[in-house]
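Participant: test case, fold it:
(one chain, ligands or ions: 1)
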Amino acid sequence: MSKNPRVQTKIKAELGDNKQQYLSIEQLESLEYLNCVIQEVLRFAPPSIATTRSVTIDDRLPASGIQLQKGDEICINIFNLTRDKRYWKIDPDLFYPERFQGEDKDHHPYALIPFGSGHRQCIGQNLAQLELKAIAVRLMQHVTFGDGGLEVNAGRFNSKSMLIPKKIGVTVTFD
Ligand code: HEM
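Facilitator: This next block holds a predicted model:
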């Protein structure tokens, strides 16, 4: 957000006159641009960078022909999928929420799986997204984030199984 004042301005514009009050779940759900921003945050910096699956039968990957054995553990790299240029029309290294309103609206369903997929997908994903929206709205109703400068706000990530911001130093201005 601190590096994208344009995005903050658009969220604030979408909030319109809702500058003070708590919003209902229905109101939060109706904020289309905010929804794109949340999707873009989860794409650009997926908190879980990977998930795993156990192979239950001997199988072969159709495209590459790679042989899988029953009992193998497969790591599905959620982060790499979000940055794979084969699956995104707009440069995936760009933070650009509008992609979900246009060129990347119909992206491959498995190119963006921050909560996993299938019958072991995240049980808390709707709660998590609602919380993210509520927090983002409360912040955007009251403050604007600014770039704290290259030294403290260089971005980047540390990652093991979770993606942790490396250098985030922002200014906070009360509107
Ligand atoms: C931004 C927040 C969150 C992210 C990015 C996230 C991500 C994930 C991912 C990637 C998985 C593995 C899914 C798979 O392998 O297909 C998972 C599983 C799970 N998550 Fe979350 N999660 C979040 C929030 C939550 C919350 C708020 C809860 C509970 C209220 C929750 C509960 C669970 C549980 C119980 C599982 C295991 C499901 C199973 O194995 O059947 N998560 N989550």
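
Participant: could you pull up phi and psi at the closest residue to residue 151 other than its chain neighbours?
Facilitator: Once flanking residues are discounted, residue 151 sits nearest to residue 169: 7.7 Å by Cβ to Cβ, 6 or more residues apart in numbering. Heads up, the C-betas are built off the backbone N, CA and C, glycines and all. Residue 169 has phi and psi values of phi -130, psi 110 when expressed as degrees, to the nearest 10.

Participant: just residue 79 next, same as before
Facilitator: phi -60, psi -50.

Participant: just the element for residue 56, please.
Facilitator: Using DSSP states H and E, residue 56 falls within no helix or strand.

Participant: OK, contacts around it?
Facilitator: Going by Cβ atoms under 8 Å, 6 or more residues apart in numbering, residue 56 touches residue 70.

Participant: one more pass at 10 Å, please.
Facilitator: By Cβ atoms under 10 Å, 6 or more residues apart in numbering, the contact set of residue 56 is 68, 70-72.

Participant: also residue 114?
Facilitator: Contacts of residue 114 (Cβ under 10 Å, 6+ apart): 39, 41-43, 45-49, 78-79, 81-82, 122, 125, 128-129.

Participant: tell me the contacts of the residue nearest the centre of the chain?
Facilitator: The residue lying closest to the centre of the chain (Cα atoms, centre = their mean) is residue 42, at 0.9 Å. Each residue near residue 42 by Cβ under 10 Å, 6+ apart is listed here: 48, 78, 82, 112-115, 125, 128-129, 132.

Participant: of these, buried ones?
Facilitator: Buried residues within the contacts of residue 42, counting neighbours by 16 or more other Cβ atoms under 10 Å: 48, 78, 82, 112-115, 128-129, 132.
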